[in-house]
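J.: My questions are about this predicted structure, shown below with the sequence.
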Number of protein chains: 2
Amino acid sequence: MNAEMIAVGTELLLGQITNTNAQFISEELALTGHNMYYHTVVGDNPQRLSDVIRTAQKRANLIIITGGLGPTQDDLTKKTIADVLGLELVRDAKAEEVILNFFKRRGDGPMTANNLLQADVIEGADVLDNVVGFAPGMMLEHEGVTYILMPGVPTEMKTMFTNEVRNRLEKAAGDYRLESRVLHFYGIGESRLADQLDDLITKQTNPTLGTYAGKHEVTLRITASSQNAAELTPLIDELEEKVLSRLGAYFFGYDGESLEEKVVRLLTEQNLTVSAAESLTAGLFQATLASVPGASRVLRGGLVTYATDTKTSLLGVPEELLTENGVVSEATAKTMANNVRQQTAANIGVSFTGVAGPGSHDGEPSGSVWIGFSDETSTTAKHHLFARDRQYNRERAVKEAFWQLYKYLEEKTAKTSH
Amino acid sequence: MNAEMIAVGTELLLGQITNTNAQFISEELALTGHNMYYHTVVGDNPQRLSDVIRTAQKRANLIIITGGLGPTQDDLTKKTIADVLGLELVRDAKAEEVILNFFKRRGDGPMTANNLLQADVIEGADVLDNVVGFAPGMMLEHEGVTYILMPGVPTEMKTMFTNEVRNRLEKAAGDYRLESRVLHFYGIGESRLADQLDDLITKQTNPTLGTYAGKHEVTLRITASSQNAAELTPLIDELEEKVLSRLGAYFFGYDGESLEEKVVRLLTEQNLTVSAAESLTAGLFQATLASVPGASRVLRGGLVTYATDTKTSLLGVPEELLTENGVVSEATAKTMANNVRQQTAANIGVSFTGVAGPGSHDGEPSGSVWIGFSDETSTTAKHHLFARDRQYNRERAVKEAFWQLYKYLEEKTAKTSH
């Protein structure tokens, strides 16, 4: 199908938020073999929304609309589309029950009447469940055009798309299939990666190769298309092998498993625990680890030694060592990693000491970071100079530590399996 | 002027990138008093781009186009617009010189001919310098419509907008000005907030009121417009006063200062320090505090006591207390907050113990969280049931602690100033 995506919301036109839904939906459409030709954003205005719908009807046969399904007066998407199509709104019993039950359970004050308006749907529409929020989605066909209405809140929309919309779009696409595999790399920039794959990128037809610079990583998307679904995986495998023979040293995994998730899985498999002593990162490493379900099997805990004297009082780093070597030093990082490992009875201790910025500290420039690493047999520390803004330097230090942990665990796995 | 923004690029329609330019330009337009009514995204296709331009001409008198000014074959924005307007492309001598000089300086191999195409501009256009890349921008008026063409690469576009476009748009706006103020609220849902302001929202004309559900908070934007700039602030002040007389208890600040930043500022002003003992949040509270520049003046550090036994070994919570009351309990939260405050010699100790989920723990449901709070005079703990996914529960617990800290510091300020 030829698609147009329409996002409804004055907050988008005022620049309060970015239309991230457009990227998600576009990517999904490409994967299910539909063509996205236009994105449109329009405000909470029934006249302009009607006009935009009428324009879309002329140039698309799949119109995906997000936003404006909520409980407030400016949520007018359903009503406007129903009017354009000459249809009525009807109350959906299931959605109504979900809302009533929620307010009954919560029990802190009465439900406002506008909440129930969220249970109204366009007559004849296939109702799409919203398991995150209250407003259900809708899918309907009318005079040769398919309309899909979803909430604008990204978490609600994404969950609804995944649960309710994706399979319907796949069915509509028939035999034509696209398959993508996304490879993640750390420690190499996008232009260097593209340069090393230049010949493969230049001659690409099927599969195609696309690079994208993500947060502290580069991703490479391999996409194959075919009328014969059985051909897709071998096509991708073959190209992936060529890519990894050149860039395997930077590769850490596929979409669906982040570097942190991979580290938690490997730690669990090897029955190892980790702890951390964090200065400039102030808990970000441990909090990132704990964001992965199952982290409690591998994370012991640790310390945030932000003020210099807490490195001594909480972690037992000798004052003289700090004075002689400086707080941001190899000796401090090593002692921090070793001490926190012993204090928490963990197998691995990680430490961070550095200058987040802005501004230098004790003669060390902003972005200068030592990362310590300690296990039962040795303690080491590596220096990095990240040199961007405060947030980048802290996040990058955490990512770097996960990368080191990953390499360490990978090597262990290789040893035990040979 | 009534504006439409058109982003050109197939990569946007494939979902490879997000149209962040739209947010930046929309915000800038609002500030210079122009109305943004539509965003459109279209691929690198001359026919569809022509159609989109013709649609925009009917509904806008300011059309801002980004993307498609580069050196490759799919960069066809200039040519297409020139064709639609019946104009020619001419070589711009200054832009040509910049490109030739760059390749002369670089000296690594010959310049490819397509690079010079970037120096072509639409005849009669005001040429906008690009100090980041090669392709200059353009601004021209044609039959009552103003066209602005800029590169699609965000850094190039933003720099060009700031240096070359902003002052031109301010001039075009004449005396007409818009002013917005964004208020942030915590602890109230969007629908309840809208319900309490229902009469104000219904009768809004100038200023207007818009609500938006952000991450763990709700924002309310008050926007006033006038030909007389002096009227704007009083108009907003008056409506803000009405809003805060109803919802002041949930209000914490304006755009430009997050809740965390506000807390760091108040702590600094009152010369107070804070520490934390974190279980389910695993360092997220401290890491969030440390993301604010200047946090080193107020954050002492603290502990991540993730594994139950580290609550005893690192933090000195008696084993019997844990056994008797449970790890997720008022007694544990209070002892954690008090102990970490004393251990780090901080003025305030905060603690978190709870079940992040998925799944319950020790009979406590997922999302059940105790937050402890201790200062020199008292130690308390409050229970919360957040009951969503792991990430939400952890982030919400951290936000709740910042809210409690903010309320505490605000009360202290009020006491000292009266």
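T.: Nice, I can see it. Residues are numbered from 1 along each chain as shown, chains lettered A, B, ... in the order given.
J.: which ones are touching A:Thr32?
T.: Counting by Cβ atoms under 8 Å, 6 or more residues apart in numbering or on different chains, A:Thr32 makes contact with A:Arg166, A:Leu169, A:Glu170, A:Ala172, A:Ala173, A:Leu178. For glycine as for every other residue, the C-beta is placed from the backbone atoms N, C-alpha and C.
J.: Just read off the phi/psi values of it.
T.: phi -90, psi 10 (degrees, to the nearest 10).
J.: The closest residue to it other than its chain neighbours: helix or strand, and which one exactly?
T.: Distance criterion Cβ to Cβ, 6 or more residues apart in numbering or on different chains; nearest residue to A:Thr32, sequence neighbours excluded, is A:Leu169 at 4.4 Å. Assessed by DSSP states H and E, A:Leu169 sits inside helix A:166-173.
J.: Tell me how far that helix lies from the chain's centre.
T.: How far helix A:166-173 lies from its chain's middle: 24 Å, per Cα atoms, centre = their mean, to the nearest Å.
J.: so who does the residue of the stretch 251-400 of chain A found nearest chain B touch?
T.: Relative to chain B, the nearest point of the stretch 251-400 of chain A is A:Gly283 (2.2 Å; Cβ to the nearest Cβ). A:Gly283 sits next to A:Val304, B:Glu278, B:Ala282, B:Gly283, B:Leu284, B:Phe285, B:Gln286, B:Ala287, B:Ala290, B:Gly302, B:Val304 when contact means Cβ under 8 Å, 6+ apart.
J.: Near chain B, which residues of the stretch 151-300 of chain A are found?
T.: Within reach of chain B by Cβ under 8 Å from any Cβ of the partner chain, the stretch 151-300 of chain A has these residues: A:153, A:210, A:212, A:221, A:273, A:276, A:278, A:280-287, A:289-291, A:293, A:295-296, A:299-300.
J.: Return the set of buried residues in the helix holding A:Leu169.
T.: A:Leu169 (16 or more other Cβ atoms under 10 Å in any protein chain shown).
J.: sorry, back to before: of the contacts of A:Thr32, closest to A:Arg341?
T.: A:Arg166 (44.8 Å; Cβ to Cβ).
J.: The closest one touches A:Glu28, doesn't it?
T.: Yes: in this structure, A:Arg166 is within contact of A:Glu28 by Cβ atoms under 8 Å, at 6.5 Å.
J.: Lowest-scoring secondary structure element of chain A by mean pLDDT?
T.: Of all helical and strand segments in chain A, the minimum by mean pLDDT, DSSP states H and E falls on strand A:208-214, at a mean of 75.
J.: and it, how far from the chain's centre?
T.: In this view, strand A:208-214 has its centroid 16 Å away from the chain centroid, taken as Cα atoms, centre = their mean.
J.: in it, what's buried?
T.: Residues of strand A:208-214 classed as buried by neighbour count (16+ other Cβ under 10 Å): A:Leu209, A:Gly210, A:Thr211.
J.: how about the residue lying closest to A:Leu29 once chain neighbours are set aside, what does it touch?
T.: Nearest in space to A:Leu29, with sequence neighbours left out and distances taken as Cβ to Cβ, 6+ apart, is A:Met36 at 4.9 Å. The contact partners of A:Met36, by Cβ under 8 Å, 6+ apart, come to A:Ala3, A:Glu4, A:Met5, A:Ile25, A:Ser26, A:Leu29, A:Ala30, B:Leu13, B:Leu14, B:Gly15.
J.: Could you list the domains of chain A?
T.: A:2-173, A:177-254, A:259-417 (automatic domain parsing).
J.: which stretch in these has the least confidence?
T.: Lowest mean pLDDT of the domains of chain A: domain A:177-254, a mean of 86.
J.: Name the helix or strand for A:Gln342, please.
T.: With DSSP H and E as the criterion, the answer for A:Gln342 is helix A:330-344.
J.: likewise A:Val327?
T.: Applying DSSP H and E, one finds A:Val327 in no helix or strand.
J.: So it sits against A:Tyr306, correct?
T.: No: using Cβ under 8 Å, A:Val327 is not in contact with A:Tyr306; the gap is 10.9 Å.
J.: Report the set of residues contacting both of the two.
T.: Contacts common to A:Val327 and A:Tyr306, judged by Cβ under 8 Å, 6+ apart, are A:Ser279.
J.: okay, the two: which has more neighbours?
T.: A:Tyr306 (26 against 23; other Cβ atoms under 10 Å in any protein chain shown).
J.: Kindly confirm my reading that the more buried one forms part of a strand.
T.: No: secondary structure of A:Tyr306 (DSSP: H, G, I helix; E, B strand; the rest coil): coil, not part of a strand.
J.: Tell me, how many residues neighbour the closest residue to it other than its chain neighbours?
T.: Counting by Cβ to Cβ, 6+ apart, B:Gly301 is the residue found nearest to A:Tyr306 once chain neighbours are left out, at 3.9 Å. Residue neighbour count, defined by other Cβ under 10 Å, stands at 31 for B:Gly301.
J.: So what sits opposite B:Gly301 in the bridge?
T.: Taking DSSP bridges as the rule, B:Gly301 bridges to B:Ser275.
J.: list the contacts for it?
T.: With Cβ under 8 Å, 6+ apart, B:Gly301 has these contacts: A:Ala282, A:Leu303, A:Val304, A:Thr305, A:Tyr306, A:Ala307, A:Thr310, A:Leu314, B:Ser275, B:Gln286, B:Thr344.
J.: Look up how far A:Leu259 lies from the residue lying farthest from the centre of chain A.
T.: Most distant from the centre of chain A: A:Glu320, at 43.7 Å, with distances by Cα atoms, centre = their mean. From A:Glu320 across to A:Leu259, the span is 37 Å (Cβ to Cβ, to the nearest Å).
J.: can you check A:Gly144 too?
T.: Distance from A:Gly144 to A:Leu259, by Cβ to Cβ: 46 Å.
J.: For the stretch 51-200 of chain A, just list every one of the helices.
T.: For the stretch 51-200 of chain A, helices defined by DSSP state H, counting those that start in this stretch occupy the ranges A:77-85, A:93-106, A:154-160, A:166-173, A:190-196, A:198-202.
J.: which ones are touching the residue minimising distance to the centre of chain A?
T.: Centrality entry for chain A: nearest residue to the mean C-alpha point is A:Ser258, 8.8 Å, by Cα atoms, centre = their mean. Shown here is A:Ser258, whose contacts under the criterion Cβ under 8 Å, 6+ apart are A:Val292.
J.: what's the burial count for A:Gly174?
T.: 9.
J.: Ok, A:Asp309 next?
T.: 14.
J.: how far away is it from B:Gly70?
T.: Taking Cβ to Cβ, one finds A:Asp309 at 54 Å from B:Gly70.
J.: got it, and A:Asp375?
T.: 50 Å.
J.: I'd like the distance between the residue nearest to A:Thr32 and A:Leu178.
T.: 12 Å.
J.: How about A:Asp126?
T.: 24 Å.
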